[in-house]
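K.L.:
the sequence isn't on hand, but the structure is:
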């Protein structure tokens, strides 16, 4: 039975550090990696009719950008290191969606970076990593 | 981009310097046309002493027909509409696509406007409290018309290779009639509709809104903005410009967030005002029912009250005009019926909830103090009813009216654009020309005397319900088939609930 580790990526330096920590862990435990890119999105937000019309196009390009600029290059690099990698791009509320993906892919661990929000920012908008730690049913490693 | 701002500036500058002259020239040139078109579109037949505009009869007969033909979809589909909006049936694989909630919110912000605040006051002034009853009934029937037109809008929309879509009555009229072997007629109807929605977008969807926003601002500022219409117009045009031409999302996003908030804020305070007059509620509601059937003191009696109520409902929720169909067509779904079902909620929110609440605010105030409003009419009358309880209310109310006007302008700019692209193609340059023109009209709306221009656009918007509803009759069997198939599949579990 293979172990899977889900890594939350967003292209930031923090998420790169989380990935390298996860890679080290995967090598030690002979685990597979699931690289997840979640695009912040709420089905209850408001848009102009023009934005609604362009939504499908924009969604496609968002997914493509995530794949092309982040997920595919990382996947290729890791493949050469001999690690099995799956990638997934999903729209949704970040913490909640990561947990759903973790569930779907049967991952037993989550690695994430942190955005280092200021206290005020976190108070108003909430912190993704804090929400993840609070609500996850699997161990979460937050890499500074 | 800079050049566009410059053109806009020059246009406005010339408009304001020659304002008086332009006013007169425009008025005298357009007045006869306006009178003629108005007389045709709003042609009234006298019925037992009341004046019944044929176009209102046309819309109401259509709404009654669709309600019966679709087997009271306005009642049957209501629960399902709420489930769809909640996302119960949203396929997790379509994450990141436009949700039903978003489509509904956008369409509602296009219809909730000054009509909900001022239009109801007009109805009650002219048609007595009984008009409210008929207004609610018309809203209820209008739900079925909306269902039919929004389902068709999605079914017959045009999808382009790059993934963007254009839909609305012009497309279903053209395509639907073609399928029935009436290609030429369908083309004519589609073009006619497109011209109508385009001109209507510049008038009631634009100049009327900016004009009313200016009037409201001027009222609450105690006339401090007298003669400064050009400045207000320029600012409004600039904001609209930055959203629809400049693509500045933040302004649109802020507005779209504030508009629902304002609507809730408005309803909340309205309910508080009604409750503060709690002792008058039974009388006020009693007046609505007795007035509806006796029509005491109303020209034309009960029938007069009925006509006024119906007319105001149509003005407010736009069912039968086909505009919402354009907004709903932008949504990506394999099931056109789902958009139709969701759109049922629009007349419900717009007419049955918001208009009724306004009517009760005015109704209870009338019972408590019959002369509370003095000579005030329209928005000013509603404002006066609120002012009895909260002296500061006219200021947030004016702000709400301004935002409603703004969001209505943004929505209508899109409706007009779709009429324009139907006529002149999807070219970028053409679209930019239209958008700049739209902004210029926003500014002009605050500057020129509206009279005849508005009459023309008003009449044209109602004229387009003629081809629209005619098309709906022809295409109703298709909608019925789709509807039955859809609900059968929901019942059999073939269409799965995901939540």
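P.N.:
Received, thanks. None of these values were measured; they are calculated from a predicted model.
K.L.:
separation between residue A:128 and residue A:101?
P.N.:
Note on residue A:128: its distance to residue A:101, by C-beta to C-beta, to the nearest Å, is 14 Å. (Each C-beta comes from the backbone N, C-alpha and C, glycine too.)
K.L.:
these two: which has the busier surroundings?
P.N.:
Set residue A:128 next to residue A:101 and count neighbours by other C-beta atoms under 10 Å in any protein chain shown: residue A:128 wins out with 24 against 21.
K.L.:
so how far is the helix or strand hosting residue B:236 off the chain centroid?
P.N.:
Using DSSP states H and E, residue B:236 sits within helix B:229-244. Relative to the centre of its chain, helix B:229-244 is centred 21 Å away, using C-alpha atoms, centre = their mean, to the nearest Å.
K.L.:
how far away is the closest residue to residue B:127 other than its chain neighbours from residue B:372?
P.N.:
Excluding the flanking residues, the one nearest residue B:127 by C-beta to C-beta, 6 or more residues apart in numbering or on different chains is residue B:308, at 3.0 Å. Residue B:308 sits 20 Å away from residue B:372, taking C-beta to C-beta as the criterion.
K.L.:
so who does the residue nearest in space to the middle of chain B touch?
P.N.:
The residue lying closest to the centre of chain B (C-alpha atoms, centre = their mean) is residue B:111, at 3.3 Å. Listed by C-beta atoms under 8 Å, 6 or more residues apart in numbering or on different chains, the contact partners of residue B:111 are B:316, B:317, B:318, B:323, B:324, B:346, B:350, B:408.
K.L.:
run the last query once more with 10 Å
P.N.:
B:146, B:316-319, B:321, B:323-324, B:327, B:346-347, B:349-351, B:354, B:404, B:407-408, B:411 (C-beta atoms under 10 Å, 6 or more residues apart in numbering or on different chains).
K.L.:
I'd like to know which of those are part of strands.
P.N.:
Within the contacts of residue B:111, no residue falls in strands by DSSP state E.
K.L.:
contacting residues for the one residue in the stretch 351-499 of chain B that gets nearest to chain A?
P.N.:
Among all residues of the stretch 351-499 of chain B, residue B:414 sits closest to chain A, at 3.9 Å; criterion: C-beta to the nearest C-beta. Neighbouring residues of residue B:414 by C-beta under 10 Å, 6+ apart: A:48-53, B:106, B:110, B:201, B:205, B:244, B:323, B:326-327, B:330, B:438.
K.L.:
again, but for residue B:156
P.N.:
Residue B:156 touches B:167-176, B:178-179, B:325, B:329, B:336, B:471, B:475, B:478, counting by C-beta under 10 Å, 6+ apart.
K.L.:
low-confidence stretches in the stretch 151-300 of chain B?
P.N.:
In the predicted model of the stretch 151-300 of chain B, residues B:250-253, B:256 satisfy pLDDT under 70.
K.L.:
please enumerate the helices of it.
P.N.:
B:169-179, B:183-202, B:208-220, B:229-244, B:249-276, B:281-294 (DSSP state H, counting those that start in this stretch).
K.L.:
do you know which of the ones you listed lies nearest chain A?
P.N.:
helix B:249-276 (3.4 Å).
K.L.:
tell me how far residue B:254 lies from residue B:407.
P.N.:
Residue B:254 is 11 Å from residue B:407, by C-beta to C-beta.
K.L.:
common neighbours of these two, please.
P.N.:
Residues within reach of residue B:254 and of residue B:407 at once, by C-beta under 10 Å, 6+ apart, are residue A:46.
K.L.:
ok, those two, which is more surrounded?
P.N.:
Under the criterion of other C-beta under 10 Å, the comparison of residue B:254 against residue B:407 puts residue B:407 first, with 28 against 12.
K.L.:
which other helices and strands does the one helix or strand residue B:362 maps to contact?
P.N.:
Per DSSP H and E: residue B:362 is located in helix B:356-368. Applying 3 or more C-beta pairs under 10 Å, 6 or more residues apart in numbering or on different chains; DSSP states H and E, we find helix B:356-368 packed against helix B:120-127, helix B:130-155, helix B:249-276, helix B:281-294, helix B:378-387.
K.L.:
highest mean neighbour count out of those?
P.N.:
Among these, the stretch with the highest mean neighbour count (mean count of other C-beta atoms under 10 Å in any protein chain shown) is helix B:130-155, at a mean of 28.
K.L.:
could you list the contact residues of chain A toward chain B?
P.N.:
Selection of chain A residues close to chain B by C-beta under 10 Å from any C-beta of the partner chain yields A:38-39, A:41-63, A:89-92, A:97, A:100, A:104.
K.L.:
out of those, which are buried?
P.N.:
A:38-39, A:41, A:43, A:46-56, A:59, A:62-63, A:89-92, A:97, A:100 (16 or more other C-beta atoms under 10 Å in any protein chain shown).
K.L.:
in helices, which of those appear?
P.N.:
A:49-56, A:59, A:62-63, A:97, A:100 (DSSP state H).
K.L.:
can you name the next helix or strand after the helix-or-strand element of chain A with minimal mean pLDDT?
P.N.:
Least confident element among the helices and strands of chain A, by mean pLDDT, DSSP states H and E: helix A:119-125 (a mean of 60). Next along the chain after helix A:119-125, taking DSSP H and E as the criterion, comes helix A:128-135.
K.L.:
for chain A, give me the ranges with low pLDDT.
P.N.:
In chain A, residues with pLDDT under 70: A:1-2, A:116-126.
K.L.:
what are the boundaries of the strands in it?
P.N.:
Using DSSP E, the strands of chain A run over A:4-8, A:32-40, A:85-92, A:109-112, A:140-142.
K.L.:
right, and those strands - which one's nearest residue B:84?
P.N.:
Among those, strand A:85-92 comes nearest to residue B:84, with 18.6 Å by C-beta to C-beta.
K.L.:
many thanks, I have nothing further to ask.
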